[in-house]
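# return a 3D structure for these sequence lines:
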Amino acid sequence: MYGSSNQDNHNTFVSTDPWSNSYTGHSDQYGPPDSYQQYGMPQRYNHSYGDYAPGSYGAGYTELEEDNYEGYDSNYDNYPPRDSFSGNSKSSTGNHWRDLAFLLLFVAHLVGMVVLLSWLLYVGQYRTPLPDSVNGTLPLQNVTISYSPYLEIPVEMAESVCIMVAAASISAFVYLQLFKKFPKPMIIAGAVVTVLTLVGLTAYYFVNQLFLYGAILLVMTIIFPVYFYLIRNRIPFAIVIMSAAIRIVNQFPGTQYTAFFCLLLQLGWTAFTGFVLYNIDVLSNNALYIALAFVFFSYYWVYEVILNIVHVTVCGVVGSWYFLNGTSAMPESPTKGALIRATTTSLGSVCFGGLILAVLRTIRAILNIAPQEYRECANCILSMIENSVRYFNEYAYCHVAIYGKSYITAARDTWSLIERAGLAMVVNDNILVGVFLVGSLFGAVVCGSVGFMLAFVFWDSLNPALLWWIGFVIGFMILSIVMQVIESAVKCLFVCYAEDPEPLQHHDSLLYNLLSHTNSQQEEMF
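Residues are numbered from 1 along each chain as shown. Below is the predicted model:
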């Protein structure tokens, strides 16, 4: 809620849109457009990129890691104020609660879950008491759950888990350092892993006679290498924007702490939902099916809300850094402010977007009990719709976090952004998706190997294969969280730059030069 909407100032938009042809008039030194001269030249502005040159892909990225930035110009105080502080823009929102109806609906459905569990426990108390150890079977599933009131965890296992968590944290740091040093090879490695993943999934679906999924993935497997080759000229821009995102996340580690806390909430919610499902067999007939549908829907909705609270929080931090860094309006703790907004005034918008995905995922879950001949085609179509909505939501939530807009307004502005810079947005994401996947797998393999070595060398009482799988899951989850935070920062930074590149010029002229240079270099492909 810190930036001014381009739709509120069309003259500014025409002159500053980084996706228009306004950058083609840059000098050979890649200086700023003439329209920016009225705000004064940043003190640190230089007319070169140092070691950076097209084709070197990151030889000068160490400049991005400098802590002392003197690019803030005193004239920036006269820069048109951000709408959330001026209150003059149509997108200015103040502290108004957005999409309050969906927030109330979300709270009401949580109350419904508590009521359902209370009823299940009330009805279940009249059944025959459970012995100390029983086996129960969930309805509609061939899954057997063993329950025991006493769960003993070996000390060696607890120590191994702690060591593997530490190994995951170290592997995350190492992976980010590797990207800073070798960005282009890391992106190419991500593309290779993506192709191998597609090949593996294609083979899996054909072996299991899911021919529709297999055929679609086979086409994607053939097209992706050709597509990646065609967009290779866009790699420098993706490297610059991800390097900047990593620096912002490192500067504000509270974003990662927020993500880890939300992971614990998701695990707690999963345990709560599992407890409800464990007791749901006291119902029968239509009541059972209705209750199952409601529980699935509730689980997916809460899951999406928690996931997107992290996304909106990270985007809020990036928005603060982008528009307010170097000014007196910069919050002392941007993560705290962004988290408060994500869980209060913007929570209704988060619930609105999550509701759409929860409905789609619930329908897919219900289809899993439908006849096989109808299930495959319907699941494929719903899966594509779900992925499209999720991708759209990620950018809509950027507008929610930056400008404090309602979900509908953010969705409309996101569509305008897609019309203006959609191809560049998709290409940038496709280049980096492999990097995030490799990061998660890197942490998983490292932690799995650490667990295997602990069991094989130090603790004979533990199963090395079991500890490897536990470490693999722990590493994948922790690295996925780190990658999610960085991915959110990348998307928000892209939106900020596409909407209004001027503020970046004043407080981080080097990053501004790199983005405008790499963007203008590849404009002809669009």
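# the nearest residue to residue 124 once chain neighbours are set aside: neighbour count?
Among residues not flanking residue 124 along the chain, residue 282 sits closest, at 4.8 Å (Cβ to Cβ, 6 or more residues apart in numbering). C-beta: built from backbone N, CA, C; applies to glycine. By other Cβ atoms under 10 Å, 17 other residues sit near residue 282.
# got a pLDDT number for residue 282?
pLDDT for residue 282: 84.
# report the longest helix in the protein, please.
Secondary structure of the chain per DSSP state H: the longest helix is helix 407-453.
# could you list every helix and strand in contact with that helix?
Packing contacts for helix 407-453, counted by 3 or more Cβ pairs under 8 Å, 6 or more residues apart in numbering; DSSP states H and E, involve helix 155-181, helix 183-207, helix 211-230, helix 235-251, helix 347-367, helix 372-403, helix 464-499.
# chain center to that helix, what's the gap?
7 Å (Cα atoms, centre = their mean, to the nearest Å).
# isn't residue 225 up against residue 195?
Yes. Counting by Cβ atoms under 8 Å, residue 195 is a contact partner of residue 225 at 6.1 Å.
# just the pLDDT at the nearest residue to residue 461 once chain neighbours are set aside, thanks.
Nearest residue to residue 461, sequence neighbours excluded (Cβ to Cβ, 6+ apart): residue 156, at 6.2 Å. Per-residue confidence (pLDDT) for residue 156: 72.
# over to residue 236?
At residue 236, the model reports a pLDDT of 84.
# can you check the one 4 residues further on too?
The per-residue pLDDT reported for residue 240 equals 85.
# do the one 3 residues further on as well
What the model reports for residue 243 is a pLDDT of 87.
# try the one 10 residues further on
Reading off the per-residue confidence, residue 253 sits at a pLDDT of 89.
# now do it against residue 430, distance only.
28 Å (Cβ to Cβ, to the nearest Å).
# likewise residue 325?
With Cβ to Cβ as the criterion, residue 325 and residue 430 are 29 Å apart.
# more neighbours, these two?
The residue with more neighbours, out of residue 325 and residue 430, is residue 325; 20 against 17, by other Cβ under 10 Å.
# isn't the more buried one right up against residue 506?
No. Using Cβ under 8 Å as the test, residue 325 is too far from residue 506 to be in contact (9.2 Å).
# show the contacting residues for the residue nearest to residue 461.
Neighbour list for residue 156: 459, 461, 462 [criterion: Cβ atoms under 8 Å, 6 or more residues apart in numbering].
# cool, and residue 348?
Here residue 348 is in contact with 97, 98, 99, 100, 101, 102, 103, 106, 406, 407 (Cβ under 8 Å, 6+ apart).
# in JSON lines, list those along with neighbour count.
Listed next are the contacts of residue 348 as JSON lines, based on neighbours: other Cβ atoms under 10 Å:
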{"residue": "97", "neighbour count": "14"}
{"residue": "98", "neighbour count": "23"}
{"residue": "99", "neighbour count": "26"}
{"residue": "100", "neighbour count": "15"}
{"residue": "101", "neighbour count": "10"}
{"residue": "102", "neighbour count": "20"}
{"residue": "103", "neighbour count": "21"}
{"residue": "106", "neighbour count": "22"}
{"residue": "406", "neighbour count": "22"}
{"residue": "407", "neighbour count": "25"}
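# hang on, the residue nearest to residue 124 packs against residue 116?
No. The pair residue 282 / residue 116 is not scored as a contact, 11.1 Å apart, by Cβ under 8 Å.
# overlap in contacts, those two.
Joint contacts of residue 282 and residue 116 (Cβ under 8 Å, 6+ apart) do not exist.
# hmm, back to that, among the contacts of residue 156, which are located in strands?
For the contacts of residue 156, not one is inside strands, with DSSP state E as the criterion.
# just these now: which is nearest residue 161?
For the contacts of residue 156, the minimum distance to residue 161 (Cβ to Cβ) is 11.0 Å, reached by residue 462.
# quick check: phi and psi on that closest one?
Residue 462 adopts backbone torsions of phi -100, psi 150, taken as degrees, to the nearest 10.
# number of nearby residues for it?
19.
# could you do the one 5 residues further on as well?
A count of neighbours around residue 467, defined by other Cβ under 10 Å, yields 25.
# so of the contacts of residue 348, which ones are in helices?
When the contacts of residue 348 are checked against helices (DSSP H), the matches are 100, 101, 102, 103, 106, 407.
# turn those into JSON lines, columns for pLDDT.
What follows is those, written out as JSON lines (pLDDT from 0 to 100):
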{"residue": "100", "pLDDT": "93"}
{"residue": "101", "pLDDT": "94"}
{"residue": "102", "pLDDT": "95"}
{"residue": "103", "pLDDT": "95"}
{"residue": "106", "pLDDT": "96"}
{"residue": "407", "pLDDT": "93"}
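# now for these: which two are most distant?
Once Cβ to Cβ is applied, these give 106 and 407 as the farthest pair, at 12.8 Å.
# could you report the pLDDT at residue 507?
As predicted, residue 507 sits at a pLDDT of 74.
# which ones are touching the residue nearest to residue 283 when sequence neighbours are not counted?
Leaving aside its chain neighbours, residue 283 sits nearest to residue 291 (5.6 Å; criterion: Cβ to Cβ, 6+ apart). Residue 291 is in contact with 116, 280, 283, counting by Cβ under 8 Å, 6+ apart.
# now, which of the residues you listed lie within helices?
Using DSSP H, the contacts of residue 291 in helices are residue 116.
# so what's residue 475 up against?
Going by Cβ under 8 Å, 6+ apart, residue 475 touches 164, 167, 168, 171, 443, 444, 445, 446, 447, 448.
# repeat the analysis, applying 10 Å as the threshold.
164-165, 167-169, 171-172, 440-451 (Cβ atoms under 10 Å, 6 or more residues apart in numbering).
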